[in-house]
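# curious how this folds, go ahead:
(chains A, B and C)
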Amino acid sequence: MTDASQNAGPMLAADGTPLKQSLARSLRRQKLRALLLISPLLLFVMFSFIVPIASMLFRSVENGMVAETLPLTVEALQSWDTQSGELPEEAVYDAFVRDMVVAVENKEHTRLGSRLNYEETGMSSLFRKSGRKLKKMDPETDGPFKEQLIEIHEGWGDPQTWSVIKTHSPAVTNGYFLNAVDMRRTPEGAQSQPEDKRILIKLFGRTLFMSLVITASCILLAYPVSYLLATLPMRVSNLLMILVLLPFWTSLLVRTSAWKVMLQQQGVINETLVWLGLVADDARLIIINNQIGTIIAMTHILLPFMILPMYSVMQTIPPTYTRAAKSMGATNWTTFWRIYFPQSIPGIGAGSILVFILAIGYYITPEIVGGTKGVFISNRIAYHISSSLNWGLAAALGTILLAVVLLLYWVYDKIVGIDNVKLG
Amino acid sequence: MKPTKTLLTAAALATAAGSLSAEEMTIVSWGGAYSKSQLKAYHEPYSEKSGVTILNDDSSAEAVAKLRAMNEAGNITWDVVDVVAADAIRLCDEGLAMEIDPDTMLAPAPDGTSAADDFGDLLVSDCFIPQIVYSTTFGYRTDLVGDTPPADVCAVFDLEAYPGKRSLEKRAINNMEWALICDGVAKDDVYDVLATPEGQDQALAKLGTIKDNVVWWSAGADTPQLLADGEIIMGSTYNGRLFSVIEEQNQPVAMLWDAQIFDLDGWIIPAGLSEERQQRALDYIMFATDTQRLADQAKYISYGPARASSAPLVGQHAELGIDMAPHMPTDPENAKNTFLYNYEFWADYRDDIEAKFQAWLAQ
Amino acid sequence: MAALTPISRKPMSVVLPAVALAGAFAGMFVGAGNGSIPLGILGGAVLMTGLAWVFINVLKNEQMARWITILGFGIAGFLLSGPMGGVLGLLGGWFFAWFIYWLYEGRYRQKLLPYLTAKQVFYHYLFRVICGAIFVFLITPILVVLPLSFNAQDFFTFTPEMLRLDPEGYSLKHYRDFFTNNEWQRSFKNSLIIAPIATVISVSLGTLAAIGLSQSHVPGRRAIMGILISPMIVPLIISATGMFFFYSDIGRFLEGTLGMNKNFVGYLKVILAHAVLGIPFVIITVTATLVGFDRSLTRAAANMGAGPVRTFFSIQMPLILPGVISGGLFAFITSFDEVVVVLFVGSASQKTLPWQMFTGLREQISPTILAVATILVVLSIGLLATVELLRRRSERLRGLSPA
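Below you'll find the predicted structure:
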């Protein structure tokens, strides 16, 4: 100790190292320990979730199929001008037949047809029909092919067909993203889809709108309940909490089917209303297979996600504030609006963002009670993944949806802070 | 402490799982009463004979998507898959299903007729072994249609005589054909008309006349449930489902045998199985598609066996004891107005028309 | 709770109009159901006013009045519209008997602050009624599922027999099916294997990470938090397909290269996939508990010579246990109720309960899923009660008096 006080040098820690250095080391160790605690989980999530999702989303730009299935044709088409309005030369047809013979052998041509059909309706049947006949051809001896191909299917005599093949031959494409926003890739650049294929923007809009309505109705229903739970004595409120958590714990599939039973035209609600005479038998409410059905069922399903964060915030609001306000002569309304409500806003924020994010990603409930008018963009993603097998478009739609959610997450983190969410 | 516990549990699991995995195969089917009929007619006798444990996976509805994903990932977990003929054709075309030689891989009929002749025209694809013949047709609520029950399929499009909701499947196949038939196209010309864009628009326009009154179904259980609720007055579904609603559940429902669409359901074996698994799958197929087995299935569900030689062996329902023959779509009385489904047409045009239909639906 | 305000009997001029109003309101529904709304309103008002007057001025015996109303209404309801009406009548009778005396004796004031005005009292109860309605909305699906699970038919429909309360319309066959059907039993067993192990993984890793995150100097805290929460915000269908490809590769590696058992690998895949999905819930709840954690406690422990491990298990763990348990329950239910991912990642031998329910809904309507749901509701009431007891215990341990 005497050493240190005598020397004008830096302050030293007990072990003789300079204090600054020692503190820095301790900070480093603290950081390291924190990271060590986090790292197993972080690695696990990165490795088993982020990477697979990223590679799934990468499919939205990946487009190797055309060039891999028709390598010679794609090369031969390099010199052909899509704008010319004329058919390509014999060399292209020759290359095409060579490619197709190999593709038919490997059973790849129908998949290519399906792929191109996403862009231009009619390509799938063109490839399938032609494939059966091309199988028997020998590229070495049977040429020239231009006439023969047009003979097989008139589609080969349409410059549009070749233009579609050329436009979609690059290995990386923006085509799926353009499709996702109701545009398409053409030789002249991005263009709008024809009127009857423009549905996705509308669906995005509907998804956002309905998620907002669901969030709003959740706020409306959750606020009084959370207030009640937060102001009642703990023992009572915990019992009532069971009523909130119980539906949360019931299988989503069961709850959704229960709503179907409730909302149908011959369902519980309509039957009760008719029995009570409030609604005429021939004027039953239509509350299923449309947006109302989806909104009711999803509001119910997501309500606990709103109540729980609201409740945990309201619990922390001291009752003395409102009492003080009242004792100073504020009316009930003023007390609520000027004192209580502002303090409960973080709860509303937390609940809203949670409900909103969960709502725009839902698809099982809208599928069952939404009919055709009450479905979300996620239903479209599911459709493209399991029915039309257009995974590129599904990935593009998913990427856009994810971007929206991430933006919301960021905004939410700025406003409320992500660690302020409490789930009961 | 916890990681060790997890490891221990995992190790215990591994040993437990190891003991039952000896000879196992996964058979994919549709679930419900249909899977039950297969369990009774095929799986149970086969397990008894060969000692193979059969696992059921009720994922046929997503078979094409999942087989494609499995193929891409190189991880095929299914051994035998039950699919409709249209899906089988698609899987075969894409190289996702294995080609079958009926003469060497399937059992001949008891009288020695080769399997190829016994199945006849029903072998619609090189990869497909037909199992049953079914029809997609309409059922209606007898108490909701008034005094004149519908006599033909066009009642579906007649909102004046039969007001109320009807259910149709959420896809183009079948609906487009019915729409054209009821729009005045002769049955023989339906597919020619449907091949043209104008014909497709015509069919969609006809469907558009009832669009607001349609509940679209995607799961086989939907229409029977909707009929039982009285939620719809008529709806399309498979004839076996209607049989179950009418005969087993005693609901006030009757069915139409008019312009019902005659279709096939059967097995495929995924391509790319290991030698050992492929042999097991082929052995199962050989057993499960012989004449007696196909006839046995009809005891549990009202679908017709796909072999000509099985038809005379069809007996009575195993629990209800009623004769099954009059309930089969193959019964001459029922088959009078059958509409023949064109496999080749739908294989070629499915993507085109389906894309158009789904866009129309979402409008 | 003790009475806050001394209560006194209310004059007839307050009680009778209020009762008449309530009677008219109830009478409106009865009238609408039986032909004439005005007649129902009038009848309800007159009947209720009359009853209230007789009870208060003539009978003067609350016990007897209650029984008279309950039985009288029950019988009237039964005569009007059968057993269902009878049940509604009994309930209505019970309510009105309670309501008349609640008003007359002024009991509604008992638990309120003495200085509230009449309007405030009214709003107070109006608010309670609204909250009650929301609670009813919350549990309606369960109220629907419960009786339907005893349906004698194979549909999700309230049959006329059920509405008549005819025993013929009810049966236990769906419960029998659940307990005897191999598929249901196997999937239930699978869920009981997969969900707890997935929960243990997400809870142990998640708690560690949450503790790490709550330290004061963590570089890139927000980004890390974002990554850890991402499984909750990526749409499930995307996660499912992404994980399918990933776990297929992993599965091939484990089976092919390491020669592991196929079934074991199958379970492992589903368990890991579910563990990832449960992690955000654990992180969120545990970090929330740690926000209020008094750091001087760990310092005190360290001061007295406890190592980090010992400090963790004997100081920190007991205190954050409620958060850990609640996160664990969320993770458990995520796995136990998850259908999209397991459909992709799992194979038939890992079929879980929700998967079986999903096929039960798709291919053949089977009310067995309602029976299962009912069983699970009963189980979860048990679980929630346990959590509540644990919470009370932990409060006692922390020395907080139960509020």
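# could you pull out the strands in the stretch 1-150 of chain C for me?
In the stretch 1-150 of chain C, no strands are defined using DSSP state E, counting those that start in this stretch.
# what's around the closest residue to chain B within it, how many residues?
Residue of the stretch 1-150 of chain C nearest chain B, by CB to the nearest CB: C:Leu148 (12.0 Å). Quick note: C-beta positions are derived from backbone N, CA and C, even for glycine. By other CB atoms under 10 Å in any protein chain shown, the residues close to C:Leu148 number 25.
# skipping adjacent residues, who's closest to it in space?
Spatial nearest neighbour of C:Leu148, chain neighbours left out: C:Leu370 (5.2 Å); criterion: CB to CB, 6 or more residues apart in numbering or on different chains.
# picking up where we left off before, what sits against the residue of the stretch 1-150 of chain C closest to chain B?
When contacts are counted by CB atoms under 8 Å, 6 or more residues apart in numbering or on different chains, C:Leu148 touches A:261, C:156, C:158, C:367, C:370.
# quick check: of these, which lies closest to A:Ala14?
Comparing the contacts of C:Leu148 against A:Ala14 with CB to CB places C:Leu370 closest, at 69.5 Å.
# got the phi and psi for that closest one?
Main-chain torsions, C:Leu370, degrees, to the nearest 10: phi -70, psi -40.
# could you list every residue that touches it?
C:Leu370 neighbours (CB under 8 Å, 6+ apart): A:254, A:257, C:145, C:148-149, C:151, C:156, C:174.
# rebuild those as CSV, extending it with pLDDT.
Output for those, formatted as CSV (pLDDT from 0 to 100):
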residue, pLDDT
A:Val254, 88
A:Ser257, 88
C:Val145, 89
C:Leu148, 91
C:Ser149, 92
C:Asn151, 90
C:Phe156, 86
C:His174, 92
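# elements contacting the helix or strand containing A:Val74?
Using DSSP states H and E, A:Val74 maps to helix A:71-77. Helix A:71-77 makes packing contacts with helix A:90-105, helix A:159-167 when contacts are defined by 3 or more CB pairs under 8 Å, 6 or more residues apart in numbering or on different chains; DSSP states H and E.
# go with 10 Å
helix A:65-69, helix A:90-105, helix A:159-167 (3 or more CB pairs under 10 Å, 6 or more residues apart in numbering or on different chains; DSSP states H and E).
# state the mean pLDDT of that helix.
Mean pLDDT, computed over helix A:71-77, is 92.
# how many residues are close by the nearest residue to A:Arg255 once chain neighbours are set aside?
With sequence-adjacent residues excluded and distances taken as CB to CB, 6+ apart, A:Arg255 is closest to C:Pro141, at 4.7 Å. Neighbour count for C:Pro141, taken as other CB under 10 Å: 24.
# OK, contacts around the residue of the stretch 1-150 of chain C found nearest chain A?
Proximity of the stretch 1-150 of chain C to chain A (CB to the nearest CB) peaks at C:Ala32, 2.8 Å away. Taking CB atoms under 10 Å, 6 or more residues apart in numbering or on different chains, we find C:Ala32 in contact with A:273-279, C:40-41.
# quick one: stretch A:48-58 near chain B?
No - counting by CB under 10 Å from any CB of the partner chain, chain B has no neighbours in stretch A:48-58; the shortest distance is 11.0 Å.
# quick check: buried residues in that stretch?
For stretch A:48-58, the buried set under the neighbour-count rule, 16 or more other CB atoms under 10 Å in any protein chain shown, comprises A:48-50, A:52-53, A:56-57.
# what of stretch A:269-284?
By 16+ other CB under 10 Å, the buried positions in stretch A:269-284 come out as A:269-271, A:273-275, A:277, A:279, A:284.
# state the phi and psi torsions of the residue of the stretch 51-200 of chain C at minimum distance from chain B.
Going by CB to the nearest CB, chain B is nearest to C:Phe155 of the stretch 51-200 of chain C, at 4.2 Å. Main-chain dihedrals, C:Phe155, degrees, to the nearest 10: phi -130, psi 160.
# what does B:Thr209 give?
Taking degrees, to the nearest 10 as the convention, B:Thr209 sits at phi -70, psi -20.
# excluding covalently adjacent residues, which one is nearest to it?
The spatially closest residue to B:Thr209, leaving aside those adjacent along the chain, is B:Phe157, at 6.4 Å (CB to CB, 6+ apart).
# okay, and the residue nearest to A:Gly392 when sequence neighbours are not counted sits in which element?
Take A:Gly392 and drop its neighbours on the chain: the residue closest to it by CB to CB, 6+ apart is A:Tyr176, 4.1 Å away. A:Tyr176 is part of helix A:175-180 when elements are defined by DSSP H and E.
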